[in-house]
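**Q** fold the following.
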Amino acid sequence: MQVGMVRLAVVVCGLFVGACGGLDPATKVGPNENVQFDNGVNGSVSCDRGSVNLPSGATINGDLDLSYCVVKVEGSVNGSITMTGGILYVISSPTVNGELDVKDGYELEVIDSQFNGGADVENTRNVTIENSDFNGDIQIHGAETCQAGGNRANGSIVAANCY
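**A** Next up is the predicted model:
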């Protein structure tokens, strides 16, 4: 009888993802896809050469893993944001509960946002981080152009060549 119940539980979890707590799959945004998450996402989001928009009031309950994408975040992220290449705008986000890790991006703009983690930005062409709060260090290295003003950090702020 127990074996039958286990099989039933596996089938139910498979049919109704999220019904079994902690089993939410990652949402994948592929090349040339343009996705707007008006209702948020319960799970991590990965993007490979697509575009993602998280409007104000929407939440991603997981990490954002971005590879050469164009992304705008105005909502909340309960996880870290990691980007390699691409363009990322975090504008007036009430909460990002994780780290911001950006490498080799074309453009990064963080304005009036709250991070419960630090920021590590390396070799990103255009960087603007202004009027934002970080519960950790802010490290910016290798930017061609950089603006970093009015930020607060519960750690060090190292912004090489920023004004």
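**Q** ramachandran angles for Gly62?
**A** phi 170, psi -180 (degrees, to the nearest 10).
**Q** same question but for Val41, I mixed them up
**A** phi -140, psi 130.
**Q** is it in contact with Thr27, as I believe?
**A** Yes. Using C-beta atoms under 8 Å, Val41 is in contact with Thr27, at 5.3 Å. No exception for glycine: its C-beta is placed from N, CA and C like everyone else's.
**Q** ok, these two, which is more surrounded?
**A** For Val41 versus Thr27, neighbours defined as other C-beta atoms under 10 Å are more numerous around Val41 (21 against 17).
**Q** can you pull the contacts of the more buried one?
**A** Going by C-beta atoms under 8 Å, 6 or more residues apart in numbering, Val41 touches 27, 59-62.
**Q** what's near enough to touch Asp133?
**A** So Asp133 contacts 113-115, 151-153 (C-beta under 8 Å, 6+ apart).
**Q** narrow the residues you listed to those in strands?
**A** Of the contacts of Asp133, the ones assigned to strands by DSSP state E are 114-115, 152-153.
**Q** give me the most central residue, this structure.
**A** By C-alpha atoms, centre = their mean, the chain has its centre lying nearest to Ile81, at 2.9 Å.
**Q** now it, nearest residue through space, not along the chain?
**A** Leaving aside its sequence neighbours, Ile81 sits nearest to Leu64 (C-beta to C-beta, 6 or more residues apart in numbering; 4.5 Å).
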